[in-house]
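Student: sequence first, then the predicted structure:
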Amino acid sequence: MRVRFDIKRYDPEKDEAPYFQNYEVELGETDRVLDGLNEIRWRQDGTLTFRRSCEHGICGSDAMRINGRNRLACKTLIREVGRRVRIEPLLGFPVVRDLVVDQQRFFQDYRSVLPFLVNDDPPPPRERLQSPEARRRFDDTTKCILCAACTTACPSAWGNDSFLGPAAIVQAHRFIFDTRDHATVERLARLAGRCGVWACRTAYNCTMACPREIQVTRAIAEVKRAALLGGP
Amino acid sequence: MSTRVELHRLDAVVVGGGGAGLAAAVYLARQPGIRTGVISKLYPTRSHTGTAQGGVGAALGNCDPEGDSWEWHMFDTVKGSDYLADQDAVEILCREAIEVVYELEHMGLPFSRTVDGRIAQRRFGGHALNFGEKPSRRACYAADRTGHMILQTLYQQCIRQNVEFYDEYQVVDLLVEENCCKGVVAIEIATGVLHVFQAKAVLFATGGWGRMFEITSNAVTLTGDAPALVWRRGLPLEDMEFFQIHPTGIYKLGILITEGVRGEGGVLRNSEGERFMEVYAPTMKDLASRDVVSRAIYLEVKQGRGIGGKAYVNLDATHLGRELIEEKLPDVADFCRTYIGIDPAIDPMPVQPTAHYAMGGLPTDPDGRLLADADGSIVDGLYAAGECACVSVHGANRLGTNSLLDLLVFGRRAGLHMGVFAAGSDYAALPDDPTGPAIEALERIRNGKGDRAVVIRDEMQAAMTEHVSVFREEPGLAEAVAKIEELRQRFRGVKIDDTSEKFNLDLVEAFELGCLLDCAYATATAARNRTESRGAHYREDFQGRNDQEWLKHTFQKLREGDKVEFSYRQATITRFEPKERVY
Ligand SMILES: Cc1cc2nc3c(=O)[nH]c(=O)nc-3n(C[C@H](O)[C@H](O)[C@H](O)COP(=O)(O)OP(=O)(O)OC[C@H]3O[C@@H](n4cnc5c(N)ncnc54)[C@H](O)[C@@H]3O)c2cc1C
Ligand code: SF4
Ligand code: FES
């Protein structure tokens, strides 16, 4: 079927302001929105710019606003969006070009929560033991692919530049609830302030946006509780 | 085009932020006084290592009552390779496997766990107990996102150790003169500015080039950049004819369904509902090595037993139960729901073979040092690791779980060696005009007036899929070589639309197509040259392995006028004499 794409375009080198451009592409029901974007770029207009790599929802490159919702273009099928698709860049970050946004701040916030295991005890000769139940405690948050869909869907993050945003909290959760980690106190100190979990107003936008179906709001709630109790 | 050029000086430069590059960077960063930079065209966490599902192989023996041993792992790897792998390197791989997996666990990798809290392990194709007796549980896994967890864990450790990252910088040229590496040239994608990285040691870890084919499990960005750049500099590529076609990609899409599904008990069935692998591999059945299973699927389809007469078979996991699927294979279940609208707990999955993994690539020694020739001489300061390298531990066919292992073991070894090398050497003087050739190549693309890149790419993929895939034979190979020669000529005039400096993806993709054409050319010419069948390289006109003449690695160099020059290096045999290979 013919699908019409309305794509928000902006090249700061050339354009005074962003504008919408329309394209028509022949696609099947089970094609991905990303297939449509590729078709446009490859065969109609090579200047259309966006990020992509894996094409099956794992690398986190192609989060964008599709019909007003943050989604991965490679994980959204044409049959879900119909014959008319509106595509815009993620909100809240400066646009580099078309659908490509500058994610420096996103990665800075990510780095600020100590997103790594801290355990300086001499390791045993084999693996550290961890029960399947203990492992399950943080299973959900290990799925995060850093696509930024949650953080850029969050009204608290739009209104507050210093809020670390849901993705960074998800990353912190993954370590706070890992029995092998020793930096809970330090990590919670960074998350306890107004830039951390308390900026969250439980809007649930993050959970709705997450393409990995992570229970983001629940993870944030668990970190809030840990912040109050001083530990997991 | 921007005329600004920025110059950087670093002790060590790692090109590629996937598993191999980050493993090297972690170990480089642990060596005091070595300034390391990782250059990656993608944000590192977006590298394709993140898509690896099934597991990483190591003989921990956590899950089989018989235990496990690195020697059995070594035997399976050598047998899987159809005896072409270098056994000294395979021994290193399988011995060090155990240590690197424990180290990853110590770095924080959230492996799935056994009831007693150890790293959980599952079955995988070609891995067996006691020299091929019965399937073993050797694949250490984190649900079905093992690669994602490896990539994340290594990236986290790099952050902890303050590794410098140059994200979304694409290397477009290698600076090497008289077998001495001097650095690389990269384009900063966001701005279009060129950067020269002068370095004492450079590691290439740019991943695979499955995009030569139509149906592939590989990302659009897996375009063989490093092999192409090195080959253009007159240095050799090794064993390019061996390209693994994985048996189970989602029909038409090529998205991988991990072998872990069969490891957990899933079986392949044809249109009659028969478990056909019992015929092709009586002992290992669905867990025979990949070349064997992919050929079996093609033969079933050819004999009219594809489902509904189409080019696919069913992968049946319905008897495993929902609980196991959701616990151990959640992403596979998600792919099935999202892309084909089925539930693997209820319906079988439609699968067809999908281009997956390059066994060949940049020839290295076991410390990752690049070989300048089949005689074993070295390029000073130049290294490779991961899928783009050929040590060779996979020979003619890689076993599942051995690639993640390869990049950990040899990424680490390369990182350690580079640190020592860089500490003991000076910067080599840069060539007079370091960016000259890169600018020329990019300008040619910007000014091209011929075909659009997509036209050339489609024709290349069609030729490779038709003639250089699971079954190969002379007339088809000759046709493919001629076609790629023609496409390489046409590529010299390739045309793009985009004239911007900033984030010019059109330019980047055209550049990548040039790299793919080099890889395709090397693959097709080497496949035509090897007149025997071994592992993934199957010649209908030369059936059967020929150890008399071909127990050797192919080295090929690109000469003036697109001529390809071949030489050979004997496979290293230490413990296991070649035998007939049955599963
Ligand atoms: C779907 C799938 C599942 C798999 N499952 C398994 C498994 O279960 N077990 C197993 O052992 N193996 C598996 N493999 C194989 C294995 O995952 C890969 O071979 C391996 O991850 C490759 O890692 P790498 O570090 O070499 O490359 P990649 O992870 O592909 O990284 C390449 C890096 O190089 C960078 N790069 C490329 N070109 C340039 C350039 N010109 N300039 C700058 N940077 C550049 C990219 O940005 C990227 O960071 C699987 C592969 C696939 C595709
Ligand atoms: S939590 Fe989900 S939406 Fe947020 S960055 Fe991670 S994967 Fe993306
Ligand atoms: S392209 Fe990788 S997540 Fe969409």
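Tutor: Great, that's in hand. Residues are numbered from 1 along each chain as shown, chains lettered A, B, ... in the order given. Ligands and ions are numbered 1, 2, ... in the order given.

Student: count of residues packed around whatever residue of chain A ends up closest to chain B?
Tutor: Chain B sits closest to residue A:117 of chain A, with a gap of 2.8 Å, by Cβ to the nearest Cβ. Using the backbone N, CA and C atoms, a C-beta is placed for each residue, glycine as well. When neighbours are defined as other Cβ atoms under 10 Å in any protein chain shown, residue A:117 has 22 of them.

Student: got a list of what it touches?
Tutor: A:175, A:178, A:180-181, B:107-108, B:153, B:156 (Cβ atoms under 8 Å, 6 or more residues apart in numbering or on different chains).

Student: does it count as helix, strand or coil?
Tutor: Of the three states, residue A:117 takes coil under DSSP: H, G, I helix; E, B strand; the rest coil.

Student: mind checking how far it is from residue B:150?
Tutor: Distance, residue A:117 to residue B:150, using Cβ to Cβ, to the nearest Å: 14 Å.

Student: which regions of chain A lie under the pLDDT threshold?
Tutor: Within chain A, the set of residues satisfying pLDDT under 70 is empty.

Student: leaving out the residues flanking it, which one is nearest to the residue nearest the centre of it?
Tutor: Nearest to the geometric centre of chain A sits residue A:148, at 2.3 Å (Cα atoms, centre = their mean). With Cβ to Cβ, 6 or more residues apart in numbering or on different chains as the criterion, residue A:148 has its nearest non-adjacent residue at 5.1 Å, and that residue is residue A:106.

Student: so what's the one you found up against?
Tutor: Taking Cβ under 8 Å, 6+ apart as the criterion, residue A:106 is in contact with A:93, A:146, A:148, A:151, A:165, A:167.

Student: show me chain A divided up by domain.
Tutor: Chain A breaks down by automatic domain parsing into domains covering A:2-101, A:104-229.

Student: just send those domains back as TSV, with distance to ligand 3 too.
Tutor: Output for the domains of chain A, formatted as TSV (distance: least, Cβ to the nearest ligand atom, whole Å):
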stretch	distance to ligand 3
domain A:2-101	3
domain A:104-229	7
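
Student: run a quick neighbour tally on whatever residue of the stretch 1-150 of chain B ends up closest to ligand 2.
Tutor: Among all residues of the stretch 1-150 of chain B, residue B:45 sits closest to ligand 2, at 10.2 Å; criterion: Cβ to the nearest ligand atom. As a burial measure, residue B:45 scores 27 neighbours (other Cβ under 10 Å).

Student: go on, residue B:540?
Tutor: Look at residue B:540: counted by other Cβ under 10 Å, it has 11 neighbours.

Student: got it, and residue B:400?
Tutor: Neighbour count of residue B:400, defined by other Cβ under 10 Å: 32.

Student: from residue B:340, how far off is it?
Tutor: As judged by Cβ to Cβ, residue B:400 and residue B:340 stand 23 Å apart.

Student: swap in residue B:4?
Tutor: 48 Å.

Student: those residues of the stretch 201-350 of chain B touching ligand 1, which are they?
Tutor: Proximity of the stretch 201-350 of chain B to ligand 1 (Cβ under 6 Å from any ligand atom) is limited to residues B:205-208, B:217-218, B:222, B:225, B:256, B:258.

Student: from the residues you listed, which is closest to residue B:526?
Tutor: If you rank those by distance to residue B:526 using Cβ to Cβ, residue B:208 comes first, at 16.1 Å.

Student: residue in chain B nearest to ligand 3?
Tutor: For chain B, Cβ to the nearest ligand atom, closest residue to ligand 3: residue B:46, 6.8 Å.

Student: report the contact partners of the nearest residue to that residue once chain neighbours are set aside.
Tutor: Among residues not flanking residue B:46 along the chain, residue A:59 sits closest, at 4.1 Å (Cβ to Cβ, 6+ apart). Shown in contact with residue A:59 (Cβ under 8 Å, 6+ apart): A:53, A:145, B:42, B:45-48, B:50-51, B:219.

Student: perfect, that will be all.
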